[in-house]
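[1] test case, fold it:
(one chain, ligands or ions: 1)
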Amino acid sequence: MTSVALGADHAGWELKEALKAWLIDQDHQVLDFGTHSPDPVDYPDYAAQVAEAVAVAKVERGILVCGTGIGMAITANKVPGVRAAACSDLYTARMSREHNDANVLALGGRLMGREMALEIAKAWIETGFAGGRHSGRVDKISAVERRHTDRAASDP
Ligand code: RB5
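    I've put the predicted structure just below:
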């Protein structure tokens, strides 16, 4: 069982609902930050809520859906501790877990059908981080992040 925060904009909400139903059916725990309708909203508002829930360990993982997944990933990656990957195939979904220990998956509701998205989400949820040589590289991502958060904190 994995706890997963979900978020979507108007271009992703339908796919987000399908993902939610599938996750619940698989006995995962879901925290849904919306949106809940096709009314236009701004993707950074949803990406921030999901990324922050992951960063404070309120949930283990996050899944975000917008039109392309790109805006969601860009926004989520601004939150320290988040490694968001925009994936549109099974290989990148698996690699984002095995090599990058991605804790947020961003999907494009305008790029893929429901079945493909569910396959990608399944692979992403079930694939573990390989560790080993990849641990040091992920540590270097965190070191880059720390350099910039420390610099921002010390700016007058
Ligand atoms: C909304 O039209 C669209 O820009 C958004 O869903 C997303 O694709 C942004 O990256």
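
[2] only C-alpha atoms for contact and neighbour calcs from this point on.
    Will do.

[3] hmm, stretch 82-99 in reach of the ligand?
    No: using C-alpha under 6 Å from any ligand atom, stretch 82-99 stays clear of the ligand, coming no nearer than 10.2 Å.

[4] contact partners for the most centrally placed residue in the chain?
    For the chain, the residue nearest the mean C-alpha position is V104 (2.2 Å; C-alpha atoms, centre = their mean). Listed by C-alpha atoms under 8 Å, 6 or more residues apart in numbering, the contact set of V104 reads A51, V54, R61, G62, I63, L64, A73, A76, V82, R83, A84, A85.

[5] most neighbours among the residues you listed, please name it.
    Of all those, the highest neighbour tally under other C-alpha atoms under 10 Å goes to L64, namely 35 neighbours.

[6] for that residue, helix, strand, or coil?
    Under DSSP: H, G, I helix; E, B strand; the rest coil, the three-state class of L64 is strand.

[7] same thing with D39?
    coil.

[8] mean confidence (pLDDT) on the helix or strand that contains A117, please.
    Using DSSP states H and E, A117 sits within helix 114-126. Mean pLDDT, computed over helix 114-126, is 98.

[9] which residues does the following helix or strand past that helix contact?
    Sequence order places helix 133-154 as the next helix or strand after helix 114-126, per DSSP H and E. Under the criterion C-alpha under 8 Å, 6+ apart, residues P80, G81, H99, N100, D101 lie in contact with helix 133-154.

[10] tell me the two of those residues that are most distant?
    Taking C-alpha to C-alpha, the two most distant members of those are P80 and H99; they sit 18.7 Å apart.

[11] where does this protein come near the ligand, residue by residue?
    So far as C-alpha under 6 Å from any ligand atom goes, the chain lies against the ligand at A11, C66, G67, T68, G69, I70, G71.

[12] so which of those residues belong to strands?
    C66 (DSSP state E).

[13] which non-adjacent residue is nearest A55?
    Using C-alpha to C-alpha, 6 or more residues apart in numbering and skipping the chain neighbours, the partner closest in space to A55 is G81 (5.5 Å).

[14] low-confidence stretches in this structure?
    Under the criterion pLDDT under 70, the flagged ranges of the chain are 156.

[15] circling back to that earlier point, what's the neighbour count on the residue nearest to A55?
    Residues near G81, counting by other C-alpha under 10 Å, number 19.
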